[in-house]
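Asks: Got a predicted model here, sequence first, then my questions.
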Amino acid sequence: MGKPRVVYWFRTDLRLHDSLALKAALDLDPAVLWPIFTWDPHYVYRVKGGVNRFQFLLDCQKDLSESIQKLNTKSKLFVLREAPQTLFPKLFKAWNVTHLVFERDTDAYAKERDKTVIALAEKAGVKVITRSGRTLWDSDEVVAKNGGKPTMSTTQLQSAGRKVGQIPRPIPAPTYLPDPGDMPVKFTQDKPATEPDLNAPHRGGNDETYANIAGPNGDFAIATLQELGFSAAEATTPHRGGETLALRRLEEIFSDEEYAATFQKPKTSPAAFEPQSTTLMSPFLHFGALSPRLFYWRAQDLVEKYGKKASTPPESLTGQLLFRDMYFAAQAAIGAPFIQTLNNAYCRFIPWHLPSKIEATDMGDIAVSGQYHVDSPQAEKWFLRWKAGVTGFPFVDALMRQLRAEGWIHHLGRHMVACFLTRGGCYVHWERGADVFEEWLIDHEPACNAGNWQWLSCTAFYSQYYRCYSPVAFGQKWDKKGEFIRRWVPELKNLDEKYIYEPWKASIGALDKAGVKIEGDGLGTKRDGVYPGPMFDFGERRNVCMTAMKRAYSIGLHGNDDKVKDGTWKELFEKAGETEMEGLEGGSDDDADHKKERSIGTGKHARSRSTATKEGPMDKFAKKLKT
DNA sequence: TTTGTGGTTGTTCAC
DNA sequence: TGTGAACAACCACAA
């Protein structure tokens, strides 16, 4: 028996430091080691992601590749363009591989994929070695110690975590890497189905991701944005990726001991933008350019040294990492339904507007990403205005515009816009908001995104729906003068601070002086010096939503209840006299356009109501179940 | 079992 | 310009 010939498969662990899986690979004392990355079509076509996040991913790959080359000039990150499920059997044979090593992934799709790959490896006589590493503790172990149940609070996570054991201390990056072996790719490349391509709207050019298995020059190079069909000029984020940058920033954070040791998340400002008030480490954690355990122990060691004045979880830096682990472990227990309401026993059913379309698949009944029923034209318009950052509420609009441009907004800013879209304004389904965040966030982490949207919409994790963020007061608390709004909503940059959060209250004189007109709905062609009026009376909507939430809570359905699946939930809500719900246009509206719509169309209104009663989305789903 | 307390991150008003 | 109470009332957790 010769020495092992090892493929190390980099996935969401794009780093060399603190990699238990990479250490396991090197411990084999390999004759050859190929560090590879495979472009998974699932990520390229089925996970929404704009150019900003792909740029961050490529940054991480480039940096990792350079670091590998520094350890061994013959090596680098070898990028292969084919689905792992079809690639590996061919690779095992062609490269005479003995071992496949990787860090375990955690979401439902990745677990399925890995199961397939492991089975294929076994069939090919290739030994598979995996290690946990994305989280502080292995999420499956946390779940086991939590009685097989999802961790729904940080207390649960912490007590289960204690039973798993101490969070491992980070290990250093390797100091050597073996040579890669030969890399023949004379086999046929299996090209993936590119449809549906959820990212097509972001691709300005031709998508050449899978044109050649080893890249355009056959040298396994890191892909460019152009090859992925993006134009480099389109990237609008200032936030760049890579392990080197992550480690440098970590040093900067901890060089200010007072900041790091006394960090209290609820006291950091969502309106701070230069610099921002939090660490901005989330995208590095997402792509694995930073180890969560390194971050944790840097913070924990400092806190112990700092003494009594240090902050504590859940508000402290370590607390933030605990929340992340909580969501991962909740996802590990609940599985695929964690990112949706349907079939999720832990997620309350609330008949929000714009519910997801449902598809029955082998993996269970899933919400189709991005596709939804327009049960209410009014809610649809509110949703579009929210997404476009033209709600007429400047603080909300500033946040949404920063999100789209930079792929990142402060955590409390996410609270603000999420509450506004769901239980505190539009009464639109949280899955719509989660879709938008998936598309735009460079730190999009499915577990954290779904978990936080459930939290903010009060469907799981959190239930104090009467605590509602005001688009006026909340921002003012942090940024009295509205500097943040002036930065992101330049139409209003000269407006007196008295009106910056509610420009509709400004006199014509004040507006003229600031050079801005309040009119229209903000959709369609942008006009200079024009900003839309507020899309509804917030106070009224707040009351409508809160009353509706109270009713939905008292009815008490969850995502796995039969009544939710067969459509009979509607009878319960009708009996309770609910009008603010899916299929019904409830609530009031100060939007001039809509008033017109309504005054012309009582008939139209009634029609949409009867259509919805006849067949709502869930009814359709019920039919599917019966057939 | 019941009951009380606390919960990372609300708002508004009174003083 | 800061603190405390009322608002209306959720769930988790501990005793």
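Replies: Received, thanks.

Asks: Any idea which residue is closest to the centre of chain A?
Replies: The residue lying closest to the centre of chain A (CA atoms, centre = their mean) is A:His444, at 2.9 Å.

Asks: That one - nearest residue in space that isn't next to it in sequence?
Replies: A:Glu438 (5.3 Å; CB to CB, 6 or more residues apart in numbering). The way it works is simple: take the backbone N, C-alpha and C, and place the C-beta from them, glycine included.

Asks: Around the one you found, how many other residues sit close by?
Replies: 22 (other CB atoms under 10 Å).

Asks: Please give me every residue in contact with it.
Replies: A:Val47, A:Lys48, A:Gly49, A:Ser369, A:His444, A:Pro446, A:Asn449 (CB atoms under 8 Å, 6 or more residues apart in numbering).

Asks: my read: the residue nearest to the centre of chain A touches A:Gly49, true?
Replies: Yes - if you go by CB atoms under 8 Å, A:His444 and A:Gly49 touch, sitting 7.1 Å apart.

Asks: Which residues of the stretch 301-450 of chain A lie near DNA strand B?
Replies: A:Pro314, A:Glu315, A:Gly319, A:Gln320, A:Phe323, A:His411, A:Leu412, A:His415 (CB under 7 Å from any atom of the strand).

Asks: May I ask which helix or strand encompasses the second one?
Replies: Of the helices and strands defined by DSSP states H and E, none includes A:Glu315.

Asks: ok, it - contacts?
Replies: Counted by CB under 8 Å, 6+ apart, A:Glu315 has contacts A:Phe263, A:Gln264, A:Lys265, A:Pro266, A:Lys267.

Asks: Leaving out sequence neighbours, find the closest residue to the closest residue to DNA strand C within chain A.
Replies: For chain A, the residue closest to DNA strand C is A:Ser463, as judged by CB to the nearest atom of the strand, at 3.6 Å. The shortest distance from A:Ser463 to any non-neighbouring residue, by CB to CB, 6+ apart, is to A:Tyr553 (7.6 Å).

Asks: Wondering if stretch A:155-165 reaches DNA strand C at all.
Replies: Yes - judged by CB under 7 Å from any atom of the strand, stretch A:155-165 and DNA strand C are in contact via A:Thr155, A:Gln156, A:Ser159.

Asks: Please save the CA atoms from that stretch in PDB.
Replies: Extracted in PDB, the C-alpha atoms of stretch A:155-165 (Å, rounded to 0.1, in the frame of the first residue of the first chain):
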ATOM      1  CA  THR A 155     -30.200  29.400  27.000                       C
ATOM      2  CA  GLN A 156     -31.000  26.100  25.400                       C
ATOM      3  CA  LEU A 157     -28.100  26.400  23.100                       C
ATOM      4  CA  GLN A 158     -25.700  27.200  25.900                       C
ATOM      5  CA  SER A 159     -26.900  24.400  28.200                       C
ATOM      6  CA  ALA A 160     -26.800  21.900  25.300                       C
ATOM      7  CA  GLY A 161     -23.400  23.200  24.300                       C
ATOM      8  CA  ARG A 162     -22.000  22.800  27.800                       C
ATOM      9  CA  LYS A 163     -23.000  19.100  27.600                       C
ATOM     10  CA  VAL A 164     -21.200  18.700  24.300                       C
ATOM     11  CA  GLY A 165     -18.000  20.000  25.800                       C
END
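
Asks: shaky segments in the stretch 1-150 of chain A?
Replies: Judged by pLDDT under 70, the stretch 1-150 of chain A has its weakly predicted residues at A:1.

Asks: which residues in it form strands?
Replies: A:5-10, A:32-38, A:78-80, A:99-103, A:127-131 (DSSP state E, counting those that start in this stretch).

Asks: Distance to A:Pro337 and mean neighbour count added to those strands, as JSON lines?
Replies: Output for those, formatted as JSON lines (distance: least, CB to CB, whole Å; neighbours: other CB atoms under 10 Å):
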{"stretch": "strand A:5-10", "distance to A:Pro337": "28", "mean neighbour count": "26"}
{"stretch": "strand A:32-38", "distance to A:Pro337": "27", "mean neighbour count": "23"}
{"stretch": "strand A:78-80", "distance to A:Pro337": "32", "mean neighbour count": "22"}
{"stretch": "strand A:99-103", "distance to A:Pro337": "25", "mean neighbour count": "23"}
{"stretch": "strand A:127-131", "distance to A:Pro337": "24", "mean neighbour count": "16"}
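
Asks: Quick check: which of the ones you listed is nearest to A:Gln454?
Replies: Evaluated over the strands of the stretch 1-150 of chain A, closeness to A:Gln454 peaks at strand A:99-103, with 26.6 Å, by CB to CB.

Asks: Give me the sheet partners of that closest one and which way each runs.
Replies: With DSSP bridges as the test, strand A:99-103 is paired with strand A:5-10 (parallel), strand A:127-131 (parallel).

Asks: Pretty sure A:Phe220 sits against A:Ser75.
Replies: No - counting by CB under 8 Å, A:Phe220 stays clear of A:Ser75, with 10.8 Å between them.

Asks: Can you tell me the closest non-neighbouring residue to A:Asp521?
Replies: Leaving aside its sequence neighbours, A:Asp521 sits nearest to A:Pro532 (CB to CB, 6+ apart; 5.4 Å).

Asks: what number of residues lie near the one you found?
Replies: 23.

Asks: before we move on, what about A:Arg240?
Replies: 15.

Asks: residues touching it, list them.
Replies: A:Gln55, A:Phe56, A:Asp59.

Asks: next one: phi and psi at it?
Replies: phi -110, psi 160 (degrees, to the nearest 10).

Asks: One more: A:His353?
Replies: phi -80, psi 160.

Asks: My understanding was that it contacts A:Asp375; is that so?
Replies: Yes - contact status for A:His353 versus A:Asp375: in contact at 5.7 Å, counting by CB under 8 Å.

Asks: These two: who's more crowded?
Replies: Comparing A:His353 with A:Asp375 by neighbour count (other CB under 10 Å), the higher total belongs to A:His353, at 29 against 25.

Asks: what stretches of chain A score poorly on pLDDT?
Replies: Ranges of chain A meeting pLDDT under 70: A:1, A:584-627.

Asks: is DNA strand C contacted by stretch A:535-552?
Replies: Yes - Stretch A:535-552 lies within reach of DNA strand C by CB under 7 Å from any atom of the strand, at A:Lys550.

Asks: Relative to the whole chain's centre, how far out is that stretch?
Replies: Chain-centre distance of stretch A:535-552: 27 Å, with CA atoms, centre = their mean, to the nearest Å.

Asks: Please list the residues of chain A that sit near DNA strand C.
Replies: Checking chain A against DNA strand C by CB under 7 Å from any atom of the strand, the hits are A:152-153, A:155-156, A:159, A:463-466, A:550, A:553-554, A:556.

Asks: Give me the distance between A:Ser554 and DNA strand B.
Replies: 16 Å (CB to the nearest atom of the strand, to the nearest Å).

Asks: Can you give the contact residues for the helix or strand containing that residue?
Replies: A:Ser554 is part of helix A:538-555, with elements assigned from DSSP H and E. Helix A:538-555 has contacts (CB under 8 Å, 6+ apart) with A:348-351, A:393, A:423-427, A:458, A:463, A:465-466, A:468, A:470-472, A:569, A:572-573, A:576-578, A:580-581, A:586-588, A:590.
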